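In: can you look at this prediction? I've put the sequence above it.
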2 protein chains.
Amino acid sequence: MKNCKDHKKCKRIAIKSAKDLCDKKNLRLTEIRKKVFEIIWKSHKPVKAYDILHEIKGIGSGKPPTVYRALNFLLQNGLIHKLNSQQSYIGCEHPNSHKQCYFLSCNKCGDITECCSIEMDNMFNIAAKEAKFNNTNIVCEISGICFSCT
Amino acid sequence: MKNCKDHKKCKRIAIKSAKDLCDKKNLRLTEIRKKVFEIIWKSHKPVKAYDILHEIKGIGSGKPPTVYRALNFLLQNGLIHKLNSQQSYIGCEHPNSHKQCYFLSCNKCGDITECCSIEMDNMFNIAAKEAKFNNTNIVCEISGICFSCT
DNA sequence: AAACAATATGTTATGTTATAACATATATAA
DNA sequence: TTATATATGTTATAACATAACATATTGTTT
């Protein structure tokens, strides 16, 4: 997310839409869950579970299960994503709206961009259909060196 | 890899071509590396590092670094793949030849199919090019329920 | 409001995955 | 043969994640 100029705004919007989504779906965005979400949204860089754990002093038990439960809640409800190739977590840029996305991840600066592409989507759907796979879940992570780091 | 009828043959070929590849590239397929490779090739299912560790009694130190070093050697030289979404390792179906592949992974039977697709490749290349990314590495894993398990 | 059920969090312990750091051995090149 | 690079041994620990059971909080029914 290189083109984020005003991250405070970015974060505010993310929190607002998380609240809205939870209201609409009757989900409880508890204090702990909200805090974990906020920590993840501190930047556009992926965050590790144990970094959250270290940062979450004063709220909740400060023990792994607390953090992982919050992460799982956020993952299940599409508010964050897990980056499997680096075991870390990042806020979803467009909750509510999207089905599938892929990630561009810079090995140098750590910046992540979440991308949606109908073409890519179709590709995945075709691949799954050809193989007769059901209930598919797709992990697609493109890592490399981004433009500004080249 | 549902259409493997004769896995002994499958494995033999894999070991043969690993040897050839190492000869050609002047790489040393030592006893430990070969053993780890063989354990991975016992089936077409992904194998966990610690399962290898438990199975590798009698050869090498039988301690994590030994196994991870062998795994890294095999990964770096394209002889095996790592499935990031399940932290496990699987033999490469076509070393030498391919640049990019994606995986179909059944959540029920655990079977994995390694697929190559020019269209998918192009898609990834276009995505990387558009984003001006260099030296890209792609992780693409489609999980779901396979045809025979449905 | 009281009783109950469902959901969320606390707590302890442990399982799982992976690497750092330094020592020793083996292979290859000078 | 000495030097250098590569591979392995060894000890310790870091990093990631969940099981199992106890308690608290919220929501629902009576």
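Out: Ah, there it is. Numbering: from 1, shown residues only, chains lettered A, B, ... in the order given.
In: who's in contact with the lengthiest strand in chain A?
Out: As assigned by DSSP state E, the longest strand anywhere in chain A is strand A:134-145. Surrounding strand A:134-145, the residues in contact under the criterion Cβ atoms under 8 Å, 6 or more residues apart in numbering or on different chains are A:83-85, A:100-108, A:120, A:124, A:128, B:84-85, B:107, B:124, B:127-128, B:131, B:133-145, B:150. Heads up, the C-betas are built off the backbone N, CA and C, glycines and all.
In: who are the contact partners of A:Asn72?
Out: With Cβ under 8 Å, 6+ apart, A:Asn72 has no contacts at all.
In: report pLDDT for it.
Out: pLDDT, A:Asn72: 98.
In: list the buried ones in the helix or strand harbouring it?
Out: Assigned by DSSP states H and E, A:Asn72 falls within helix A:64-76. For helix A:64-76, burial by neighbour count (16 or more other Cβ atoms under 10 Å in any protein chain shown) applies to A:66-67, A:70-71, A:73-74.
In: the residue of chain A found nearest DNA strand C: neighbour count?
Out: Of all residues in chain A, the one sitting closest to DNA strand C is A:Thr30 (3.0 Å; Cβ to the nearest atom of the strand). As a burial measure, A:Thr30 scores 14 neighbours (other Cβ atoms under 10 Å in any protein chain shown).
In: now the buried residues of helix A:64-76 as a markdown table including distance to A:Lys5?
Out: Output for the buried residues of helix A:64-76, formatted as a markdown table (distance: Cβ to Cβ, whole Å):
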| residue | distance to A:Lys5 |
| --- | --- |
| A:Thr66 | 34 |
| A:Val67 | 30 |
| A:Ala70 | 29 |
| A:Leu71 | 28 |
| A:Phe73 | 30 |
| A:Leu74 | 25 |
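In: farthest pair within the residues you listed?
Out: The largest distance within the buried residues of helix A:64-76, taken as Cβ to Cβ, falls between A:Thr66 and A:Leu74 and amounts to 12.9 Å.
In: overlap in contacts, the two.
Out: In contact with both A:Thr66 and A:Leu74: no residue, using Cβ under 8 Å, 6+ apart.
In: now do A:Lys5, the pLDDT please.
Out: Per-residue confidence (pLDDT) for A:Lys5: 89.
In: now do A:Thr150
Out: Looking at A:Thr150, its pLDDT is 87.
In: find the nearest non-adjacent residue to it, please.
Out: Spatial nearest neighbour of A:Thr150, excluding adjacent residues (Cβ to Cβ, 6 or more residues apart in numbering or on different chains): B:Asn134 at 5.6 Å.
In: so what sits opposite the one you found in the bridge?
Out: Under DSSP bridges, the beta-bridge partners of B:Asn134 are A:Ile145.
In: residues near the residue nearest to A:Leu29 when sequence neighbours are not counted, how many?
Out: Spatial nearest neighbour of A:Leu29, excluding adjacent residues (Cβ to Cβ, 6+ apart): A:Cys22 at 4.3 Å. A:Cys22: 18 surrounding residues under other Cβ under 10 Å.
In: just to be sure, A:Cys22 is in a strand?
Out: No - according to DSSP: H, G, I helix; E, B strand; the rest coil, A:Cys22 belongs to no strand; its state is helix.
In: which ones are touching it?
Out: Listed by Cβ under 8 Å, 6+ apart, the contact set of A:Cys22 reads A:28-29, A:77.
In: show me which of those residues are buried.
Out: The neighbour-count test (16+ other Cβ under 10 Å) applied to the contacts of A:Cys22 identifies A:29, A:77 as buried.
In: is the longest strand of chain A anywhere near DNA strand D?
Out: No - if you take Cβ under 7 Å from any atom of the strand as the test, strand A:134-145 misses DNA strand D, and the best it gets is 12.7 Å.
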